[in-house]
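What shape does this take:
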Amino acid sequence: MPYAATTPAVAPNMPDWLRARREFSWAAARRRLDGLPSGRGLNIAHECVDRHVRAGCGGRVALRCIAANGLRREITYAALKRSTSRFAAALERLGVGPGDRVCTVLGRTPEFVVAVLGALRARAVVAPLCAAFGPEPLAARFAVAKPRVIITTQSLWRRTLADMGPRLAGTEHVILVRDEAPPMPAGVHDWTALLRAANAVHRIGPTAPEDPALLHFTSGTTGPPKGAIHAHDVVVALHESGRLAIDLHPDDVYWCTADPGWAVATSYGVVAPLACGVTSVVDEAAFEADRALRLLADEKVSVCYTSPTSIRGLMAAEADAARLHDTGHLRFLASVGEPLAPEAVAWGSRAFGVPVHDTWWQTETGGITIANFAAQEIRPGSMGLPVPGVEAAVVERLPDGRVRELPAGAQGEIAIKQGWPGLFRGYLGEEDRTAASFADGWYLTGDRARRDEDGYFWFVGRSDDVITTAGHTVGPFEVESVLLEHPAVAEAAVVGRPDVVAHESVTAFVSLKRGFEGDEPLRRSLLAHARRRLGAAIAPREVAFVPSLPRTRGGTLVRRLLREHAAAPQVVSSGPWTS
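Residues are numbered from 1 along each chain as shown. Predicted coordinates:
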């Protein structure tokens, strides 16, 4: 059933999608930002911090930081300007300048925010990496990024990076944030001492909108990691999508739960909320359902941007847990990372009084391009409608290199028209791969969807995830959504298993909620439920019970591992999820 738009305490930034889409212009969007003084260009750090201080809002809280042990401190926009200025000045004293690459390997801490914005002030290119990575995935990304500077903590350096030796060749400076007792290792810089010695007054140099700013790595679940380059102009897209897609207002208390190693943590954990002038919660601890509910209540969070993995964690902890905490300030709840099952949309309304709004974007698009908006009817299972200013279509590639838009109801590849300022400028060092991602003025995403008569997009799957069984094309998401309706199911993933007759057999991997046992009666119950809802043609033929599904640290499902296990002589029912 469709869900009516949430009735928030404040009027939505976009009350009428059709009108906003008709009247939108990127020229007007750029005028909503300042640009550097004296016409010196556009810099992300200026729009996120300096602009608000210049407007007299320096006393507003920018970051509300919560340590893993619960200790809490606040950082105003004025204080954030001083810290980012000091770090930019410190980098410049080390000889770091425009175009130099700076890799961060940090957790959810204020130092991560300062490092990102400070490096952008210095006109360096920031590549955030996941602190939970081991030496091999970090080395693979260092090999692409070739950083002059690496910023991490004492403990991460000792555990993961110190013995990498030749794989750090070319890195001139390592900056460590203290999180252990002295001494500091030899040959590195102490973060605190570096900032203390730097000047708190820093003037951002001329920055062209097309100057490179961010290097975001894809998860690399189906191949080596790719580094997508984004320009400073991405701040225009992130400011607009922050206002329109997640409905940020200056008085909001906002929480993005993403890991700093993934694009969402920079785009919607740092840039979009600070560009919109809100107060952002930065929680150092890993996401855990009870802590999350307490944080929503204690910090009076009004807007939360999280992942389906986190939503499923809350659902598994039972919606009744929300009644133990006062989450009444929450007016907008959104999700990103993978398709959101219809049941999760309904669960949000039951648990919090607000539905979960699905959004869609990729590392390459740089920001939200399709979304369910605050004042828009939600159609559970739908990705939503394009953000104003974004031209999105369902297309097919033609043999001559052109692209043909498909009519409503037809399945095809999601394409984004070039001109969206968030769109990546290319994969670092991979010109051929970059060229293959564009055709006829469109960025071709590799995600498949259909669009209904009203323009809503409905996700089908990655191009290589779609299952062909007995002549039918099956999108994994529609099958997974039905399995998640079953009261025993916590998570579900569907892949194709090779079949000599049907080409592929639809195979489901299911993890269960507490209190349920993966026995034969439950297996039969799940298969019967799926057949009733989907029909025998596309319902799963097999169900394997697993303790958990294989995911990257960012929560992305690794279907490759599921396909490998499904292709084995007998479908396994337990991990470990390794190749």
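
And the pLDDT at the nearest residue to residue 467 once chain neighbours are set aside?
In space, residue 467 comes closest to residue 496 once its chain neighbours are excluded; the distance is 3.8 Å by C-beta to C-beta, 6 or more residues apart in numbering. Placement of C-beta: from N, CA and C, glycine included. At residue 496 the predicted local confidence, pLDDT, stands at 87.

Surely residue 496 touches residue 506?
Yes - Residue 496 is within contact range of residue 506, at 6.7 Å (criterion: C-beta atoms under 8 Å).

Tell me who's in contact with the residue nearest to residue 467.
467-469, 474, 503-507, 563, 566 (C-beta atoms under 8 Å, 6 or more residues apart in numbering).

Would you list the buried entries among those?
467, 469, 474, 504-507, 563, 566 (16 or more other C-beta atoms under 10 Å).

Count the residues that sit near residue 85.
By other C-beta atoms under 10 Å, the residues close to residue 85 number 26.

Sorry, wrong one. I was asking about residue 283.
Residue 283: 21 neighbours (other C-beta under 10 Å).

Renumber starting at 46 from here on
Let's use 46 as the start, then, which means that last one is residue 328.

For it, list each beta-bridge partner.
residue 111 (DSSP bridges).

all strands for the stretch 246-395 of the chain, in order.
257-262, 272-276, 298-301, 324-328, 348-351, 377-380 (DSSP state E, counting those that start in this stretch).

can I get those in CSV with distance to residue 577 and mean pLDDT?
Formatted as CSV, the strands of the stretch 246-395 of the chain follow (distance: least, C-beta to C-beta, whole Å; pLDDT from 0 to 100):
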stretch, distance to residue 577, mean pLDDT
strand 257-262, 42, 96
strand 272-276, 42, 97
strand 298-301, 38, 98
strand 324-328, 41, 98
strand 348-351, 31, 96
strand 377-380, 27, 96
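
Skip the chain neighbours and tell me the closest residue to the residue nearest the centre of the chain.
The centroid of the chain falls nearest to residue 309 when counting by C-alpha atoms, centre = their mean (3.1 Å). Sequence neighbours aside, residue 303 is the residue nearest to residue 309 in space, at 4.2 Å (criterion: C-beta to C-beta, 6+ apart).

again, but for residue 385
residue 403 is the one closest to residue 385 (C-beta to C-beta, 6+ apart), at 4.0 Å.

strands paired with the helix or strand harbouring the one you found, and their directions?
Element membership for residue 403 (DSSP states H and E) is strand 401-405. Strands adjacent to strand 401-405 in the sheet, as given by DSSP bridges, are strand 377-380 (parallel), strand 415-416 (antiparallel).

what about the helices in the stretch 96-245 of the chain?
96-99, 122-138, 155-166, 180-190, 199-201, 236-241 (DSSP state H, counting those that start in this stretch).

Lowest average confidence across those, which one?
The lowest average pLDDT among the helices of the stretch 96-245 of the chain, as it happens, falls on helix 180-190, at a mean of 87.

can I assume residue 67 sits in a helix?
Yes - assignment of residue 67 by DSSP: H, G, I helix; E, B strand; the rest coil places it within a helix.

after the lowest-mean-pLDDT helix or strand in the chain comes which helix or strand?
Using mean pLDDT, DSSP states H and E, strand 517-519 stands out as the lowest-scoring helix or strand of the chain, at a mean of 63. Downstream of strand 517-519, the next assigned helix or strand under DSSP H and E is helix 521-529.

helices or strands up against that next one?
helix 387-397, strand 502-507, strand 534-544, strand 548-557, helix 565-579 (3 or more C-beta pairs under 8 Å, 6 or more residues apart in numbering; DSSP states H and E).

if we can go back for a sec, generate TSV for the buried ones among the contacts of residue 541, with distance to residue 191 as supplementary columns.
TSV is the format used below for the buried ones among the contacts of residue 541 (distance: C-beta to C-beta, whole Å):
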residue	distance to residue 191
512	39
514	45
519	42
549	41
550	45
551	44
552	41
608	33
611	38
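
Residue 348 - how many residues pack around it?
26.

Kindly provide the distance from it to residue 326.
Using C-beta to C-beta, to the nearest Å, residue 348 is found at 10 Å from residue 326.

State the pLDDT value of residue 252.
Reported pLDDT for residue 252: 98.

Output the helices of the stretch 96-245 of the chain in CSV; the columns should cover distance to residue 294.
Output for those, formatted as CSV (distance: least, C-beta to C-beta, whole Å):
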stretch, distance to residue 294
helix 96-99, 14
helix 122-138, 16
helix 155-166, 20
helix 180-190, 36
helix 199-201, 36
helix 236-241, 32
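
same question for stretch 286-295, mean pLDDT?
Rounded mean pLDDT across stretch 286-295 is 98.

how close does residue 574 sit to residue 534?
Residue 574 is 9 Å from residue 534, by C-beta to C-beta.

The nearest residue to residue 71 once chain neighbours are set aside - how many residues pack around it?
Nearest non-adjacent residue to residue 71, counting by C-beta to C-beta, 6+ apart: residue 434, 5.9 Å away. Look at residue 434: counted by other C-beta under 10 Å, it has 22 neighbours.

tell me the contacts of residue 434?
69-71, 74, 282, 285, 465.

and it, that one's in a helix?
No - counting by three-state DSSP, residue 434 is not found in a helix; it is coil.

separation between residue 372 and residue 110?
21 Å.

How about residue 487?
41 Å.

before we move on, what about residue 358?
Distance from residue 358 to residue 110, by C-beta to C-beta: 23 Å.

again, but for residue 483
In terms of C-beta to C-beta, residue 483 sits 40 Å off from residue 110.

What of residue 551?
Residue 551 is 46 Å from residue 110, by C-beta to C-beta.
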